[in-house]
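A.B. asks: Okay, sequence plus prediction incoming.
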Amino acid sequence: MGAVLNVAGVRHCRVERLHVAAGERLGLLGLNGAGKTSLLRLLAAIDQPTVGEVRVDDVSTSHGGPALRRRLAYAPQRPVLLSTTVRHNVELPLRYRRAPKATRHTLAAAALTRLGAEHLADRHAHSLSGGEAQRVSLARALACQPDALLLDEPAAGLDTPTRAAFFADVEHALADRATTVVLVSHRAEEVLALADRVAVLVAGELRQVAPPTDLVTRPADAAVAHLVGYENVVSARIDEAGSVLVAGHPTGVTAPPGRRPATLAIWATAIHLRDPGDRGLPATVVRVTTGPGRHELTLDAGLPLRAHLPLAAPPPDAGTEVSIELDPALAAVVESLGEPGTG
Amino acid sequence: MSAPPGAALVWELVGRTAAVSLSATAIAMLIGVPAGTALGLLRFRGRRAAATAVNTGMALPTVVVGLVVALVLFRSGPLGSLDLIYTVRGMIIAQVLIAAPLITGITMAAIQALPEELPDQLRALGANRRQLVTRLWLEARLPLLAAVMAGFGHAVSEVGAVTMVGGNIHGQTQVLTTAIVEDVGKGDFRPALVYGAVLLALAFAVNAVLTSVQQRGAAWARS
């Protein structure tokens, strides 16, 4: 596809070219308002591009009509279930595809079972909890055995344990990899866990499309680094020898030689604390808190930095002078410092 | 006070009243439900003006409707050649014009009250236009039945327009409401009270049937 979507004069997204292969799992990562849902609705043939074209195989979504949409399944962020039973909800897309009654029953029951929701079949859809409704919405999308499954923040609004269980069920339901999947999320961990490739959207435009490992180790720019979860994205300089300097101090990270400004993305786990006076970046511990399975430190090294220490290690007190050593393998030099777009 | 009206006359008036108002409600429903759905669902130039016109129509004085319809259908009027003035068909036209804006307006509100994402979700599930609209009507079945009940209630209780357009001709265009007005005008309260009670019973019977359908749907939706 290559497409632009404008609504009421506002540009929602602009994608030069994006190809999703059959059977591929593509993640769409971006902040709220970055254009992820707009792009997914284009792929689902719900909206038509203002400029350009979206094609499913060789059929343009502008001309495909219901026949094309019946090859796709779209599960929105907020499940929209009809005021009838769960079973009837899941059977509805099959009814629209003129599936015989017996086939409808079989496929709906199978889809509910795949998502662990078979016990909900006779419940009224509006009596379900948020997690149950998400499961039913996904079962409804899967029941019609689509060529492509388009999921828009399918776990939004779920608490952490329910979210984990939901994605485990999604993984289980899609284990045969027969269906192309496009998953939208603003949570990097969700798309990185499920996708073969991740497309990062910033302010309605694609910034990087890459496999998860490449995206995490080589983010294209500062905005992408922020989105994939780097806790530290800081201004840096590269000297003639290719040494990357932060606040005028060498970091141990290297880049192609040549004086120029740059941005350094550093995972919090890449920051190791040494005694003051040791080689490294001098800093002061500003704040120490306890996070999930770790101590979280805020440091002042002339610019704010965040570091994570294992829970087993005793954390330094606030106000302690330290020297910072970076693990170059967990840091990435990117071209410029830019804020992630909010589109 | 004169004697109560004979059963034959009462049944004749009940039959004509029901025929006129049920026919008008059915026609108004056929116009109002699709029109209200279009106004609630589609975005087009002039939609707001159309919605304002419908909402104004919901509060339209029925005597004004009667006056306009009578002027149009009168023998010297633009549609005079159709010979509809002082006929049951003319009365049905007047009641359609009274009930249709009400049904249209309530339908529009009912469709707009559905989840905003529902039409797109139905399209994404593969619904064609007919399947989408049918499903929206099923989702809005309770307020839609309320719209039909309101339309029928408005039509059956109306007196000014049917008097002007129908002429209250005995044996031809007289209905329960116009018979009540005529008898009260003559100071003859006994038959007027009987007609009033029968009119109430008719309205109750029709609404009981519609309410039963509506509440069965509500109970099923909650189950």
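C.D. replies: Happy to help now that I have it.
A.B. asks: Tell me the residues of chain A that contact chain B?
C.D. replies: Listed as neighbours of chain B in chain A under the rule CB under 8 Å from any CB of the partner chain: A:41, A:44, A:46, A:65-66, A:69-70, A:72-74, A:76, A:78, A:80, A:82-84, A:92-93, A:96-97, A:124, A:126, A:140, A:144. Heads up, the C-betas are built off the backbone N, CA and C, glycines and all.
A.B. asks: Got a PyMOL select line for the buried ones in these?
C.D. replies: Buried residues within the residues of chain A next to chain B, by 16 or more other CB atoms under 10 Å in any protein chain shown, are selected in PyMOL with:
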select buried, chain A and resi 41+44+46+66+69+70+72+73+74+76+78+80+82+83+84+92+93+96+97+124+140+144
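A.B. asks: ok, now how distant is the residue in the stretch 101-250 of chain A positioned nearest to chain B from A:Arg97?
C.D. replies: Using CB to the nearest CB, the single residue of the stretch 101-250 of chain A nearest to chain B is A:His124, 6.0 Å away. Distance of A:His124 to A:Arg97, given as CB to CB, to the nearest Å: 24 Å.
A.B. asks: follow-up on the earlier one: in strands only, show me the residues of chain A next to chain B.
C.D. replies: Using DSSP state E, A:Leu72, A:Ala73, A:Tyr74 are the members of the residues of chain A next to chain B that sit in strands.
A.B. asks: ok, now which ones touch the first one?
C.D. replies: What that stands for is A:Leu72. Listed by CB atoms under 8 Å, 6 or more residues apart in numbering or on different chains, the contact set of A:Leu72 reads A:Leu43, A:Ala44, A:Ala45, A:Val56, A:Pro146, A:Asp147, A:Ala148, A:Leu149, A:Leu150, B:Ala124.
A.B. asks: Kindly report the same for the second one.
C.D. replies: When contacts are counted by CB under 8 Å, 6+ apart, A:Ala73 is found next to A:Pro93, A:Arg140, A:Ala141, A:Leu142, A:Cys144, A:Pro146, A:Ala148, A:Leu149, A:Leu150, B:Ala124, B:Leu125.
A.B. asks: Show me what it is bridged to.
C.D. replies: Per DSSP bridges, the residues bridged to A:Ala73 are A:Leu149.
A.B. asks: tell me the domain boundaries of chain A?
C.D. replies: A:2-220, A:230-334 (automatic domain parsing).
A.B. asks: closest to B:Arg190 out of those domains?
C.D. replies: domain A:2-220 (49.3 Å; CB to CB).
A.B. asks: Quick one: end-to-end distance for that closest one.
C.D. replies: By CA to CA, to the nearest Å, the extent of domain A:2-220 from end to end equals 21 Å.
A.B. asks: got JSON lines for the contacts of A:Leu72, with distance to B:Ala150 and pLDDT too?
C.D. replies: Formatted as JSON lines, those follow (distance: CB to CB, whole Å; pLDDT from 0 to 100):
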{"residue": "A:Leu43", "distance to B:Ala150": "43", "pLDDT": "92"}
{"residue": "A:Ala44", "distance to B:Ala150": "38", "pLDDT": "92"}
{"residue": "A:Ala45", "distance to B:Ala150": "38", "pLDDT": "91"}
{"residue": "A:Val56", "distance to B:Ala150": "45", "pLDDT": "90"}
{"residue": "A:Pro146", "distance to B:Ala150": "42", "pLDDT": "91"}
{"residue": "A:Asp147", "distance to B:Ala150": "46", "pLDDT": "92"}
{"residue": "A:Ala148", "distance to B:Ala150": "45", "pLDDT": "93"}
{"residue": "A:Leu149", "distance to B:Ala150": "43", "pLDDT": "92"}
{"residue": "A:Leu150", "distance to B:Ala150": "41", "pLDDT": "94"}
{"residue": "B:Ala124", "distance to B:Ala150": "33", "pLDDT": "92"}
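A.B. asks: Which among the residues you listed count as buried?
C.D. replies: A:Leu43, A:Ala44, A:Ala45, A:Val56, A:Pro146, A:Asp147, A:Ala148, A:Leu149, A:Leu150, B:Ala124.
A.B. asks: A:Gly258 and A:Ile238 touch, don't they?
C.D. replies: Yes. With contacts counted by CB atoms under 8 Å, A:Gly258 reaches A:Ile238, the gap being 6.6 Å.
A.B. asks: quick one, which of the two is more surrounded?
C.D. replies: A:Ile238 (21 against 10; other CB atoms under 10 Å in any protein chain shown).
A.B. asks: contacting residues for the more buried one?
C.D. replies: Contacts of A:Ile238 by CB under 8 Å, 6+ apart are A:Val244, A:Leu245, A:Ala255, A:Pro256, A:Pro257, A:Gly258, A:Arg259, A:Arg260, A:Pro261, A:Ala262, A:Val333.
A.B. asks: element containing A:Ala307, please.
C.D. replies: Assigned by DSSP states H and E, A:Ala307 falls within strand A:304-310.
A.B. asks: list the buried ones in that strand?
C.D. replies: For strand A:304-310, by 16+ other CB under 10 Å, it's A:Leu305, A:Arg306, A:Ala307, A:His308, A:Leu309.
A.B. asks: What's the mean pLDDT across that strand?
C.D. replies: Across strand A:304-310, pLDDT averages out at 95.
A.B. asks: Can you give me the pLDDT of B:Trp220?
C.D. replies: 57.
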